[in-house]
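1. got a sequence here, can you model it:
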Amino acid sequence: MTDIVLESVEEVAAREALLDLCLGEERRAKSSERLREGREPAAGLAFSAHGPDGRLAGTVRLWNVSAGPGKPALLLGPLAVHPWFRQDGLGGALMRTALDAARARGHGAIILVGDAPYYARFGFSSAKTGGLWMPGPFDRNRLLGLELTAGALDGARGLISPTGVEAARPSLAELIAGDVRRSA
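-> Here you go, the predicted structure:
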């Protein structure tokens, strides 16, 4: 049995290790990462899954972005599940948790870059993302969207750009003292 909870700051190192295991070091070079750099996840929309022994088994986060001018949206990702838990449906459970929470918080749309056959079962498609582009190279066939509110992505055009809260930066004194804990 796994528990899905809001992620905590104490999980930063474990989450980064899990992402490296599941997605590799090249994950840091992706266009989606440009949208997350220096930002905090959207409030209340970063989740961790813990296995029976309490260790981190999966993670998913959503980020505030604009899907072109005047089109607020969320960017989902990365979604990662430890290989030991992939056959247990944990990825789907994390997705449903994230989508339900985004809907409950009143968000209208979610976009992501991912495998269309996997994400289609949650309602994602490329039907309304054709007029959008990412900051850097991306595979247009993998740019997918989901409207949580009907029409939220109607007319979406332009560059997807970050709109969320900037991550706190450590002071020079904290860096020197080594007391810095990276905030998610």
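
2. all the strands of the chain, in order from the start?
-> Along the chain, counting by DSSP state E, strands occupy 3-6, 46-50, 56-67, 72-76, 80-81, 109-113, 132-133, 143-147, 158-162.

3. which of the ones you listed sits closest to E37?
-> The closest of these to E37 is strand 158-162. By C-beta to C-beta, the value is 8.0 Å. For glycine as for every other residue, the C-beta is placed from the backbone atoms N, C-alpha and C.

4. list the helices and strands the closest one packs on?
-> Strand 158-162 is packed against helix 31-36, strand 56-67, strand 132-133, with contacts defined by 3 or more C-beta pairs under 8 Å, 6 or more residues apart in numbering; DSSP states H and E.

5. between the ones you listed, which gets nearest to S8?
-> Per C-beta to C-beta, nearest to S8 of the helices and strands packed on strand 158-162: strand 56-67, 10.3 Å.

6. check contacts around the residue nearest to P135 when sequence neighbours are not counted.
-> Distance criterion C-beta to C-beta, 6 or more residues apart in numbering; nearest residue to P135, sequence neighbours excluded, is R34 at 4.6 Å. By C-beta atoms under 8 Å, 6 or more residues apart in numbering, the contact set of R34 is 134-136.

7. again, but for A152
-> For A152, the contacting residues are 71, 73, 108-109, by C-beta under 8 Å, 6+ apart.

8. mind checking pLDDT for the closest residue to K71 other than its chain neighbours?
-> Excluding its sequence neighbours, the residue lying closest to K71 (C-beta to C-beta, 6+ apart) is A156, at 4.9 Å. Reported pLDDT at A156 in the predicted model: 97.

9. nothing else from me, thank you.
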